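>>> sequence and predicted structure below; questions after.
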Amino acid sequence: MWKKKIAAAVLSLSLVLPLPAYASVQKDGVHITIMHTNDMHARVKSTDDEGKTIGLDWIAGAIWQQKAADEDTLALDAGDTLHGVTLVNVSQGSNMAMFMNLAGYDAMTPGNHDFSYGTRRLLELAKMLNFPLLSANILDKEQKQYIFLPYKSFAYNGVKVAVVGLTTPEVPIKTNPLNVTDLVFADPVAAAKDLVPKLRATHDVVIGLMHMGLDKSSAVTSESVAKAVPGFDIIIDGHSHTTLPHGKKVGKTLICQTGHYGHNLGKVELVVKDHKLRKVKASLLDRKAVEKAAKTPDEGVAAAIQEIDTQVNNELGVVVAESPRGLTAQKEIVRTQESELGNLLADALRNVTGADIGMVNGGSIRAGLPQGSITKSAVLNILPFNNRAIKLEVTGAEVKAVLEHSVEHLPDAFGGFLNVSGLIFDLHEKAAVGQRVSNVLVNGEPLDNSKKYTLALNDFTAAGGDGYDMLKGAQIAGDYGSLENIFIEYLQHNGLEGIETGRINVVK
């Protein structure tokens, strides 16, 4: 069994890193602090996400101040970090690796979007980091070895702390499936059940560093892991972009998550006495609290961001189009309902391919369209995944199945929620799953289950991403190149014409 073979080998490793004694030893026990982030998606500037991002220079300042005050401090990141916006994507993640090294992180677990450049590139990025990527459930194809370290141990004044990495098994459908064909994302519950009891026997505190999330649409969540494996004291979580001001208690496990895009810095304070965890307190530091804790932004991170930002702006600051108004890309909109930006992108796909139908998944839309001048950098922020436009040949029955899958998770957010072009349909949100779509019209004509249609999508969805397995065997009728270039050309020639909502008729 792969779990037993690998666990025996890994547990024999000497991973404990002793640290000298500090003032964290107090009458009530040893005080240990965890500073944590998740789902930054490469948002490192204080102007990112319409100014809601604190800025990694300030976050780094707070981390280093805490470490200076007490080196019994861990800085952890729960993934979806190395990919997201142009500043980082142009370097295929190496810029973010540099920023994180400067910021003082001690460990990270990879999220699904950290595979956006492909597995080989992520392994290259891992070698650039001064700290380990951790995951106990990512294995090679033969399931004989871990791709990353499964855990790392730290020692603080006689207190042993294990940090166990776990990654959502949704990765093969939450990144382009072709990016991870050589990997197996094993059951995280099974991996944790095998490893955590062994670590509990040799450690005083066990921390789960997970990119698992709390979304109801996910088959495995951090909550379900905590219930199945009660040996975790704390779970530092990511993936669902959930804001937990004081954590979420599941049994004796405290799940902590900061939201997303660097809006908050997480802080967990632990007290351990006589090798037992006596106290756990979780909080979130907003911009004001981070600035107070940091006193000043970290000079190294600030200088690096400024240098790279200037360079990227010089290369990508050229204006490529104009827009009379802005269009939102808020997650709660593009992943749950028809949106104007989604319609615009679906129209661009259908236009360039000449397909009967165009569709675009909400999860591929990562930033809003600004009003006024649109730069190449802004377009790359909207569409950061280097997707290509693909045309498939499908049957009407497959179109219906695609639409049903698109809406099956409502009212919960789902990255696979589709905006459409060339068709309209009625949506019955409260109907049973598989029976929510009716009255489908393709270019004004009723959908014919036996008829062949052409369908334009990005290559992620066409390859079966977001669980669109019904598309995996479809005949490819054309590859039309870079989606961002197609979008720019469509904007230049068509603007925002005809993108108003009304293609998905929600039936109450």
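Great, that's in hand. Numbering: from 1, shown residues only.
>>> before we move on, what SS does residue 102 have?
Following DSSP: H, G, I helix; E, B strand; the rest coil, residue 102 is assigned to helix.
>>> wait, residue 280
Applying three-state DSSP: residue 280 is strand.
>>> that one touches residue 268, doesn't it?
Yes: using Cβ atoms under 8 Å, residue 280 makes contact with residue 268 at a distance of 6.7 Å. Just so you know, the C-beta spots here come from the backbone N, C-alpha and C atoms, and that holds for glycine as well.
>>> now for the two: what residues contact both?
Shared contacts of residue 280 and residue 268 (Cβ atoms under 8 Å, 6 or more residues apart in numbering): 234, 254.
>>> skipping its backbone neighbours, what lies nearest residue 417 in space?
Excluding the flanking residues, the one nearest residue 417 by Cβ to Cβ, 6 or more residues apart in numbering is residue 362, at 4.5 Å.
>>> dihedrals phi and psi, residue 410?
phi -60, psi 140 (degrees, to the nearest 10).
>>> who's in contact with the closest residue in space to it that isn't next to it in sequence?
Closest residue in space to residue 410, ignoring its immediate chain neighbours: residue 429 at 5.2 Å, by Cβ to Cβ, 6+ apart. Neighbouring residues of residue 429 by Cβ under 8 Å, 6+ apart: 407, 410-411, 436, 506-507.
>>> residue 502 versus the residue nearest to the spatial centre of the chain, what's the distance?
Central residue check for the chain by Cα atoms, centre = their mean: the C-alpha nearest the mean position is that of residue 80, 3.8 Å away. If you measure residue 80 against residue 502 using Cβ to Cβ, to the nearest Å, the figure is 33 Å.
>>> would you check how far apart residue 77 and residue 183 are?
20 Å.
>>> so which of those two has more stuff around it?
Remark: of residue 77 and residue 183, residue 77 carries more neighbours, 28 against 19, as counted by other Cβ atoms under 10 Å.
>>> list the beta-bridge partners for that one.
Beta bridges link residue 77 to residue 37, residue 108 when assigned by DSSP bridges.
>>> do I have it right that it meets residue 38?
Yes: taking Cβ under 8 Å as the definition, residue 77 is a contact partner of residue 38 at 6.6 Å.
>>> buried set for the longest helix along the chain?
In terms of residue count, the longest helix belonging to the chain (DSSP state H) is helix 299-316. With burial defined by 16 or more other Cβ atoms under 10 Å, the residues of helix 299-316 counted as buried are 300-302, 304-305, 308-309, 312, 316.
>>> next one: stretch 322-335
Per 16+ other Cβ under 10 Å, stretch 322-335 contains these buried residues: 323, 327, 329, 331, 333-335.
>>> swap in stretch 372-389?
Neighbour-count burial for stretch 372-389 [16+ other Cβ under 10 Å]: 374-389.
>>> do the same with stretch 126-139
Under 16+ other Cβ under 10 Å, the buried positions of stretch 126-139 are 126, 129, 131-139.
>>> pLDDT weak spots in the stretch 51-200 of the chain?
Applying pLDDT under 70 to the stretch 51-200 of the chain picks out no residues at all.
>>> do a quick rundown of the strands in it.
Using DSSP state E, counting those that start in this stretch, the strands found in the stretch 51-200 of the chain span residues 73-77, 107-108, 138-140, 151-156, 159-167, 183-185.
>>> for those strands, give me a markdown table that also has distance to residue 34.
As requested, those are exported to a markdown table (distance: least, Cβ to Cβ, whole Å):
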| stretch | distance to residue 34 |
| --- | --- |
| strand 73-77 | 5 |
| strand 107-108 | 10 |
| strand 138-140 | 23 |
| strand 151-156 | 11 |
| strand 159-167 | 9 |
| strand 183-185 | 25 |
